[in-house]
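*Asks:* Need a 3D model of the following:
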Amino acid sequence: MEVVKSKSSKFLVFTSAGRSANVKQWANGAQFDLFVVDYCNGDSNTKQFANYYLERKGGKFQNIHFCYTQDPDVFSAYDAIMVMDDDILLPADKINELFEFLMKEELSIIQPAFSARGKISHKITKVNPNYQYRLTNFVEVTCPIFKTSELTSFLEFFDPVANGGGVDWWFCYHAESRTNKPCIAVVDSIVCLNPHDVHKGGTREIDRFRSREQRNADWAEVRERNKLSFSENEFKTYEGLGSASVLHHCFCLFDNILAFAGRIQRKIGRTLSS
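*Replies:* Predicted structure coming up:
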């Protein structure tokens, strides 16, 4: 690990970066530090934005586990840590707000809601027009923000064979098992966009070094070896909080209209290319 710039904040964003990284967008106005692990031999061009930098293959939770085991003091120096996919579209001021929200509400893990214009793997994470945030039992692996003690507790027994799907259920289950009240939230007032694969050449970079089938097999192995018994399909919303503004309602309506137009455009594109 190379220290590019000294620690300057109480918050940290960690990412594994490839050629489609949007790290430059996050860095503009950041009130947090950046830890970048480049998994494509330096081709992500992200070192200039990083406080900490390393070149290493692997998914982001595999890489943060490796870095944590090498130097846990780097991570324990922060109050909260975001573990983010490198291609997420989310400006720095919104990331700043998410960190402040986590600390103010004294939650364990949060995530920004997902725009309907991008990929949505689980309906519970799509932006809701009715609330400022929802207390849930689940946030996705894509861009969670952890209270640092929650993340480091999870990393102490995380199995680094796991890469991607299933890891989110694991850290959510771990967080809920450590408290007797809802501690996880989807923040609807702050929305990010998870780009469709077609905008990145049609192939996810993670698939270049570990296919989905291989990752699913890895997760099955991890579940069995670690005797993980939790379900991976029992999504729960405990409570919606905060009345949404008229502006938020309008945003969600416009977001859905653009998402519908995008689906039509992608369908036409697939038809023309076949």
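*Asks:* and stretch 253-265, what's its mean pLDDT?
*Replies:* In this model, stretch 253-265 has a mean pLDDT of 93.
*Asks:* same thing with stretch 57-70?
*Replies:* Average pLDDT, stretch 57-70: 95.
*Asks:* Next: stretch 141-150.
*Replies:* Mean predicted confidence for stretch 141-150 is 97.
*Asks:* Please identify the buried residues of that stretch?
*Replies:* Neighbour counts over stretch 141-150 (16 or more other C-beta atoms under 10 Å) mark V141, T142, C143, P144, I145, F146, K147, T148, E150 as buried. Quick note: C-beta positions are derived from backbone N, CA and C, even for glycine.
*Asks:* Extract the CA atoms of that stretch and return them as CSV.
*Replies:* The C-alpha trace of stretch 141-150 is given here as CSV (Å, rounded to 0.1, in the frame of the first residue of the first chain):
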residue,chain,number,x,y,z
VAL,A,141,-23.1,-4.7,-1.9
THR,A,142,-22.7,-2.0,-4.5
CYS,A,143,-22.1,1.1,-2.4
PRO,A,144,-22.8,0.6,1.4
ILE,A,145,-21.5,3.0,4.0
PHE,A,146,-20.5,1.5,7.3
LYS,A,147,-19.9,2.8,10.8
THR,A,148,-16.2,1.8,11.0
SER,A,149,-16.7,-0.5,14.0
GLU,A,150,-19.4,-2.4,12.1
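*Asks:* chain center to it: distance?
*Replies:* Its chain's C-alpha centre and that of stretch 141-150 lie 8 Å apart, by C-alpha atoms, centre = their mean, to the nearest Å.
*Asks:* hmm, back to that, from the buried residues of stretch 141-150, which two are the most distant?
*Replies:* Farthest-apart pair in these is T142 and T148; separation 19.4 Å (C-beta to C-beta).
*Asks:* how about CSV for the buried residues of stretch 141-150, with secondary structure added?
*Replies:* As requested, the buried residues of stretch 141-150 are exported to CSV (DSSP: H, G, I helix; E, B strand; the rest coil):
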residue, secondary structure
V141, coil
T142, coil
C143, coil
P144, coil
I145, strand
F146, strand
K147, strand
T148, helix
E150, helix
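*Asks:* with these in mind, which one is nearest to K267?
*Replies:* Distances from K267 to the buried residues of stretch 141-150, taken by C-beta to C-beta, are shortest for T142, at 24.2 Å.
*Asks:* what residues are up against the closest residue in space to the closest one that isn't next to it in sequence?
*Replies:* Among residues not flanking T142 along the chain, D85 sits closest, at 5.1 Å (C-beta to C-beta, 6 or more residues apart in numbering). By C-beta atoms under 8 Å, 6 or more residues apart in numbering, D85 lies in contact with T15, K60, T142, C143, N194.
*Asks:* What helix or strand is D85 located in?
*Replies:* Counting by DSSP states H and E, no helix or strand carries D85.
*Asks:* Dihedrals phi and psi, it?
*Replies:* Phi and psi for D85, reported as degrees, to the nearest 10, are phi -60, psi 140.
*Asks:* Show the pLDDT at it.
*Replies:* In this model, D85 is scored at 96, pLDDT.
*Asks:* what do you get for R178?
*Replies:* R178 carries a pLDDT value of 94.
*Asks:* Isn't it up against S108?
*Replies:* Yes: using C-beta atoms under 8 Å, R178 makes contact with S108 at a distance of 7.4 Å.
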